[in-house]
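Student: Fold the following for me, if possible:
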Amino acid sequence: MKIAVLFKLVPDLVEELEIDESGTALDTTWLRQIINEPDDHAIEQAILLKEKMGAHVTVIAPEGEATDDVLFTAAAKGADQLIRLNGDFEEGMTNHALARVVTKVIKELQPDLVFTGVQAHNDLDGSVGPLLAEFLDMPYIGYISGVEVSGSTALVRKEYPGGLIGEMEVTLPALLGIQSAEQPPRYVAVSKVRQSMKTAEIEDQDAAEFDSSGAVDVTRMFQPEVGERATMIDGDEEEVASRLVEIFKEIGII
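Tutor: Predicted structure coming up:
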């Protein structure tokens, strides 16, 4: 059993986001980036399967300021192979381009399962998982919260709104968009990560020429306008209801 996991770095939303001079992208000069949370769960799910079945886990990521730290952390958790894709990923990279670049790497690995996070908060042109599945000609199932493998098939648990859980069987090879692993991503001590830096090796691969065809063309980004448009309504239930009806009539809803 071979599993490949793709992760990417996303802006840390705790930090203040600023738009660059072009007005079409975020200013990355001082932007702190962290691993996309669902991608972290994807790595954890792969490690859990390795512990259950003895799978070989390969973790792949485009280069970035924090890429090496995340890769070595994955090694400390139990990943067997680390691949860093080298290229100018901070300038105009889209998920369409990333999926095309990663397709070549995964075809060479020939894994039985490919994991990505189900989505990221900077997915302007769609989630990378379905795009990658299309380029790899693999079946795709998203919003996964559990995986069991038996022979040439996998039984996956898929989450639906309202707390509903569905089970689906998919023939391998397949690509799964992980929403949450069967357990939260494990904590790894800094000392263990430093040890992995001495023992694990990151393989460098040059990314192919970026092809963003099919992606959206961002023409403008801007901060939301700040306005004082909230109206607080005081009173009991009848008074509040009466006032709401008046407001709806004033703005033409009823």
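Student: Please name the nearest non-neighbouring residue to Met53.
Tutor: Distances taken as C-beta to C-beta, 6 or more residues apart in numbering put Met1 closest to Met53, at 5.5 Å, once the chain neighbours are dropped. C-beta: built from backbone N, CA, C; applies to glycine.
Student: tell me the contacts of the one you found?
Tutor: 49, 53-56, 112-113, 149 (C-beta atoms under 8 Å, 6 or more residues apart in numbering).
Student: and the residues you listed as a markdown table, adding distance to Phe135 and neighbour count?
Tutor: Below are those laid out as a markdown table (distance: C-beta to C-beta, whole Å; neighbours: other C-beta atoms under 10 Å):
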| residue | distance to Phe135 | neighbour count |
| --- | --- | --- |
| Leu49 | 24 | 22 |
| Met53 | 27 | 12 |
| Gly54 | 29 | 8 |
| Ala55 | 23 | 21 |
| His56 | 22 | 16 |
| Asp112 | 18 | 16 |
| Leu113 | 16 | 25 |
| Val149 | 23 | 18 |
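Student: For my notes, please list the residues you listed in a markdown table and give pLDDT, secondary structure and distance to Gly235 for each entry.
Tutor: Shown next, in a markdown table, are these (pLDDT from 0 to 100; DSSP: H, G, I helix; E, B strand; the rest coil; distance: C-beta to C-beta, whole Å):
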| residue | pLDDT | secondary structure | distance to Gly235 |
| --- | --- | --- | --- |
| Leu49 | 97 | helix | 57 |
| Met53 | 92 | helix | 62 |
| Gly54 | 91 | coil | 66 |
| Ala55 | 95 | coil | 62 |
| His56 | 97 | strand | 65 |
| Asp112 | 97 | coil | 62 |
| Leu113 | 98 | strand | 58 |
| Val149 | 96 | strand | 59 |
